[in-house]
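> With the sequence up front, the predicted model follows.
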Amino acid sequence: MAAAELPLTISERDDGKVRLSLSGFSYADGETLQEAAEELVQRMLVIAHAFRNGGFGPVTSECGLDSSILDFVWQLGEVVSSGGDVRQFLFGRNSTD
């Protein structure tokens, strides 16, 4: 299954921490890129779990959420429920592969 395309950005904050952002949808900070990535994975898993299990609340056209973002979150939930590689889905192939 191909992941929906959401831009991933890396930036350095004024305090020296790394910020990893997923298309302005969610972000995470860490002392290292690895810490930020792990935090982003956890945040996205919480969002996907809530969305797929009805804890997200009703989503209507008035929410203004882009359908590609909703599709991305749904696909992430499918990866989780099937035991797939969440990190590969979010970040692409591992550079050591």
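Ah, there it is.

> Now stretch 67-74: buried residues?
69, 72, 73 (16 or more other Cβ atoms under 10 Å). In short, each C-beta sits where N, CA and C put it, glycine included.

> hey, where'd the strands end up in this structure?
8-12, 18-22, 26-30 (DSSP state E).

> looking at those, which is closest to residue 86?
strand 18-22 (12.6 Å; Cβ to Cβ).

> Which neighbouring elements make contact with the closest one?
Applying 3 or more Cβ pairs under 8 Å, 6 or more residues apart in numbering; DSSP states H and E, we find strand 18-22 packed against strand 8-12, strand 26-30, helix 33-52.

> show me where pLDDT drops low in this protein?
1-5, 24, 55-66, 93-97 (pLDDT under 70).

> repeat that for 50
1-3, 95-97 (pLDDT under 50).

> Go ahead and flag the most central residue of it.
residue 44 (4.2 Å; Cα atoms, centre = their mean).

> which residues sit in contact with that residue?
With contact taken as Cβ atoms under 8 Å, 6 or more residues apart in numbering, residue 44 is in contact with 22, 26, 73, 76, 86, 90.

> just checking, the last one touches residue 22?
Yes. In this structure, residue 90 sits in contact with residue 22. The criterion is Cβ atoms under 8 Å, and the distance is 7.3 Å.

> so what sits against both of these two?
8, 40, 44.

> can I get those in TSV with distance to residue 32?
Listed next are the shared contacts of residue 90 and residue 22 as TSV, based on distance: Cβ to Cβ, whole Å:
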residue	distance to residue 32
8	16
40	13
44	18
